[in-house]
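Got a predicted structure here, sequence first:
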Amino acid sequence: MKELQLEKTLELEAMGIETSLLNSKLIFTRDEVIKILACANSTLNNFEKRGWIKSSRFKNKKFYSRACILKCINIQSPLKAKTNSD
């Protein structure tokens, strides 16, 4: 199981995803998500318009869950779990 997690982490890092920040907590600010995804503010806006990622608002700030970020990553580039037969 740990090998599978390590493989996925390495795949994400190869895609430019900031995995250390992604694994550090459950809720992220907009600036943190931009850093995690290594994208521009306008790109994140486009992801929201397409429904790839959803934010929640609190005190006029947007927040994103780790699950939503991972869903967005998976929509862009699906990570396939390898089985023993691969």
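Ah, there it is. These numbers come from a predicted model, not from an experiment.

For the rest of this, base every contact and every neighbour count on C-alpha atoms.
Will do.

Leaving out chain neighbours, which residue sits closest to the most centrally placed residue in the chain?
Geometric centre of the chain, nearest residue: Ile69, 3.3 Å, by Cα atoms, centre = their mean. Distances taken as Cα to Cα, 6 or more residues apart in numbering place Ile53 nearest to Ile69, at 6.5 Å, with adjacent residues excluded.

Neighbours of that neighbour, how many?
Using other Cα atoms under 10 Å, Ile53 has 21 other residues around it.

where exactly do the strands run in this protein?
Assigned by DSSP state E, the chain shows strands spanning 27-29, 56-58, 61-65.

Can I get those in TSV including distance to Ala40 and mean neighbour count?
Compiled in TSV, those are given as follows (distance: least, Cα to Cα, whole Å; neighbours: other Cα atoms under 10 Å):
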stretch	distance to Ala40	mean neighbour count
strand 27-29	14	17
strand 56-58	19	10
strand 61-65	16	16
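
Mind putting those into JSON lines with mean pLDDT and distance to Leu44?
JSON lines is the format used below for those (pLDDT from 0 to 100; distance: least, Cα to Cα, whole Å):
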{"stretch": "strand 27-29", "mean pLDDT": "95", "distance to Leu44": "12"}
{"stretch": "strand 56-58", "mean pLDDT": "93", "distance to Leu44": "14"}
{"stretch": "strand 61-65", "mean pLDDT": "95", "distance to Leu44": "11"}
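
Distance to Leu21 added to those, as CSV?
Compiled in CSV, the strands of the chain are given as follows (distance: least, Cα to Cα, whole Å):
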stretch, distance to Leu21
strand 27-29, 9
strand 56-58, 19
strand 61-65, 13
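
My guess is the residue nearest to Ile69 contacts Cys68. True?
Yes - assessed by Cα atoms under 8 Å, Ile53 is found in contact with Cys68 at 5.6 Å.

so how far is Lys8 from the residue nearest to the centre of the chain?
15 Å (Cα to Cα, to the nearest Å).
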